[in-house]
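Chemist: Quick check, what structure comes out for this input:
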Amino acid sequence: MAIATTLEERRAIAETVRKLMADENGEKRVRAVMETQDGIDRPLWSRLAEMGIAGLLVPSRFGGAGLGPVELELIAEETGAALACTPFLSSSVLTAGLLVASQDEAACARLLPGIAAGTTIATAALTAERGSWKPEDVAVAAQETDGAAVLTGTASYVTHAGSADVLLVVATTPDGPALFEVAPRNPGITIAALPTFDRTLRLDRITFNRVPATRIGKAGWPAMEAALRLTLVARAGEQAGGARRIFDMTVEYARTRIQFGRPIGGFQAIKHMAAELLLEAESATSAARDAALQLALEEAGAGEAIDLAAFACADAFAKIAATAIQMHGGIAFTWEHPAHLYLRRARAYSYLFGSSDLYRERFLTKISAQPHNVSAAP
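Modeler: Numbers count the residues shown, from 1 in each chain. As a prediction, this is how the structure comes out:
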C-alpha cells in the first residue's frame, strides 16, 4: 500500500466530511434514525457516496476512490464523532475489503461498483456466538460438491444483515476458512435481530440451512485478516473521534455550568479529571493514526499497532464516555441528553468485530514472542 494523498488533501477531506456531519447529522437526526427499522440514514449515506466515501477503499477500476488506511482513519474519526448511522464499516470497509483481498476479479467487477456508488448495501458474516474473530471459531460450514456449495450453521453479530443487498459469509472447508456469497433473501436463511445497547447499531444473527453459495476467490484466512485489519483501523478511528467529541462536549459544559458561584471547571477535582481524559483522547487518536500509517506503509509492526489501537481506543472511549456522564452530573443520566448516546456507542464498539480482550491478548502474545535485548548495566 501507499499513501495516495498529501497532508493538505487529507485535511480537506476530513474538513468536508466534518462539515457534512455538522450540517446534516445533528443529534436530532441521529435520534430519528435510531427509531427506524433498519437504522440507516439513507439520505446521509447517499451524500457520503456522492463524495466518494462509500467507495473509499474500492480500486478506481471498479468505480472507487482507491484510497487507503490513512484516509480511512481520518474519515472514520469524523463519522464516529457524529455517531453517523450508516453502513460505512460493514459495506465500505469490511465487505469491500474482503472482495479486494479475495483477488476474484469477476466478483469484484460485479459487486464493487454498486458498493462504491452507495446503491448496494453489503455485509459479511464471520463471527460465531461467542463473538470471537478467530478462524477456529467460524461456525458456518460449507459442503462443496462438483463445484457447487451449500452453507449450514450460524453467524452472529452481523451488521445490517436485514438491509443487505449483498451477503458474504466465511465458512469452513476442508482447506480452511473460505469466502462465499449467498443471496440474502434465500428461503434457507433466517435473520433474527439482536438486542443492542447502542440503538444506533443494528446487529443480526443469521442461520443458514443448506443455503446455496458461490465461492469468492481462492484466498483463505490471510485475505480475511487483511480485511479485518482495515475494519479495525476504521473502528479505532470512529472510537477516537467519538472519544474526542464527548470530551469536548464535557469540557464546554464544565466551562459554562455554574455551581457555588463559579464554573465547575474551576474546581481542582474537575480540572484533574479533564486533564486525564484529554490524555486518554489524545492517546486514542495517536494509536488509531499510527495503526493506519503502519498498515499503509506495510510496516513489520503493523499487526501489533492495529491490535494495540483496537483495545486502546476502545478502552479510552469507554472511560471518557463514562467519566463524562459523571462530570455532567444528573442531567447526563436523562434520555434527552446526548452523553448516553456516546456511552452506548463506546460500550457496543468495545465488542464489535472482536472484543478489547481479544486484541489485548493478541498484542501481548505477539510482543512476548519477540526477542528482547536485555543487558546488565555496567
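Chemist: use CA for all of it now, contacts and neighbours both
Modeler: Noted.
Chemist: neighbours around the residue lying closest to Ser60 once chain neighbours are set aside, how many?
Modeler: Excluding its sequence neighbours, the residue lying closest to Ser60 (C-alpha to C-alpha, 6 or more residues apart in numbering) is Gly66, at 5.2 Å. Gly66 has 15 neighbouring residues, counting by other C-alpha atoms under 10 Å.
Chemist: what do you get for the one 5 residues further on?
Modeler: Applying other C-alpha under 10 Å, we find 26 other residues in the vicinity of Glu71.
Chemist: List the residues that contact it.
Modeler: 5, 10 (C-alpha atoms under 8 Å, 6 or more residues apart in numbering).
Chemist: Please report phi then psi for it.
Modeler: Here is the backbone geometry of Glu71 (degrees, to the nearest 10): phi -70, psi -40.
Chemist: quick one, strands of the protein?
Modeler: 122-125, 140-145, 148-159, 166-173, 176-182, 189-194, 203-215, 258-259, 262-263 (DSSP state E).
Chemist: Can you dump the C-alpha atoms of stretch 340-356 in PDB for me?
Modeler: C-alpha atoms of stretch 340-356 as PDB (Å, rounded to 0.1, in the frame of the first residue of the first chain):
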ATOM      1  CA  HIS A 340     -25.500   8.400  27.000                       C
ATOM      2  CA  LEU A 341     -25.500   8.000  23.200                       C
ATOM      3  CA  TYR A 342     -21.700   8.100  23.300                       C
ATOM      4  CA  LEU A 343     -21.500   5.800  26.200                       C
ATOM      5  CA  ARG A 344     -23.700   3.300  24.400                       C
ATOM      6  CA  ARG A 345     -21.600   3.600  21.300                       C
ATOM      7  CA  ALA A 346     -18.400   3.200  23.300                       C
ATOM      8  CA  ARG A 347     -19.700   0.000  25.000                       C
ATOM      9  CA  ALA A 348     -21.000  -1.600  21.800                       C
ATOM     10  CA  TYR A 349     -17.900  -0.800  19.800                       C
ATOM     11  CA  SER A 350     -15.700  -2.400  22.500                       C
ATOM     12  CA  TYR A 351     -17.100  -5.800  21.200                       C
ATOM     13  CA  LEU A 352     -17.900  -5.100  17.600                       C
ATOM     14  CA  PHE A 353     -15.600  -7.000  15.300                       C
ATOM     15  CA  GLY A 354     -13.900  -8.600  18.300                       C
ATOM     16  CA  SER A 355     -13.600  -7.700  21.900                       C
ATOM     17  CA  SER A 356     -10.900  -5.500  23.500                       C
END
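Chemist: Break this protein down into its domains, please.
Modeler: 7-121, 124-219, 222-369 (automatic domain parsing).
Chemist: on that earlier part again, deepest of the strands of the chain, which one?
Modeler: Per-stretch averages of neighbours, counted by mean count of other C-alpha atoms under 10 Å, single out strand 122-125 among the strands of the chain, with a mean of 28.
Chemist: picking up where we left off before, in CSV, list the strands of the chain along with mean pLDDT and distance to Ala76.
Modeler: Formatted as CSV, those follow (pLDDT from 0 to 100; distance: least, C-alpha to C-alpha, whole Å):
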stretch, mean pLDDT, distance to Ala76
strand 122-125, 96, 18
strand 140-145, 92, 30
strand 148-159, 94, 17
strand 166-173, 95, 22
strand 176-182, 95, 26
strand 189-194, 95, 25
strand 203-215, 96, 19
strand 258-259, 78, 35
strand 262-263, 80, 33
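Chemist: Would you tell me which of these gets closest to Glu77?
Modeler: Smallest distance to Glu77 across the strands of the chain (C-alpha to C-alpha): 19.4 Å, for strand 148-159.
Chemist: just checking, what packs against that closest one?
Modeler: strand 122-125, strand 140-145, strand 203-215 (3 or more C-alpha pairs under 8 Å, 6 or more residues apart in numbering; DSSP states H and E).
Chemist: Include distance to Ala369 when you put these into a markdown table, please.
Modeler: Converted to a markdown table, the helices and strands packed on strand 148-159 look like this (distance: least, C-alpha to C-alpha, whole Å):
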| stretch | distance to Ala369 |
| --- | --- |
| strand 122-125 | 31 |
| strand 140-145 | 32 |
| strand 203-215 | 35 |
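Chemist: now for these, which one comes closest to Ser90?
Modeler: Short answer: strand 122-125, nearest of the helices and strands packed on strand 148-159 by C-alpha to C-alpha, at 5.1 Å.
Chemist: Could you list the paired strands of that closest one along with their orientation?
Modeler: Paired strands of strand 122-125, with direction, are strand 166-173 (parallel) (DSSP bridges).
Chemist: Relative to the whole chain's centre, how far out is the strand it pairs with?
Modeler: 19 Å (C-alpha atoms, centre = their mean, to the nearest Å).
Chemist: Check stretch 100-115 too.
Modeler: 21 Å.
Chemist: ok, and for that stretch, which residues are buried?
Modeler: Within stretch 100-115, the residues that count as buried by 16 or more other C-alpha atoms under 10 Å are 100-102, 107-108, 111-115.
Chemist: repeat for stretch 349-367
Modeler: 349-356, 358-360, 362-363.
Chemist: Give the other helices and strands that the lengthiest helix in the chain contacts.
Modeler: If each helix of the chain is counted by residues according to DSSP state H, the longest one is helix 221-256. Identification of packing neighbours for helix 221-256 by 3+ C-alpha pairs under 8 Å, 6+ apart yields helix 69-81, helix 96-102, strand 176-182, strand 262-263, helix 268-296, helix 302-328, helix 339-349.
Chemist: Mean neighbour count, these: which tops it?
Modeler: Most buried among the helices and strands packed on helix 221-256, counting by mean count of other C-alpha under 10 Å: helix 69-81, with a mean of 26.
Chemist: Between helix 339-349 and that helix, find me the angle.
Modeler: 140 degrees (axes from the mean of the first three to the mean of the last three C-alpha atoms, to 10 degrees).
Chemist: Find the residue closest to Arg205 in space, skipping its chain neighbours.
Modeler: Closest to Arg205 by C-alpha to C-alpha, 6+ apart is Ser156, at 4.3 Å.
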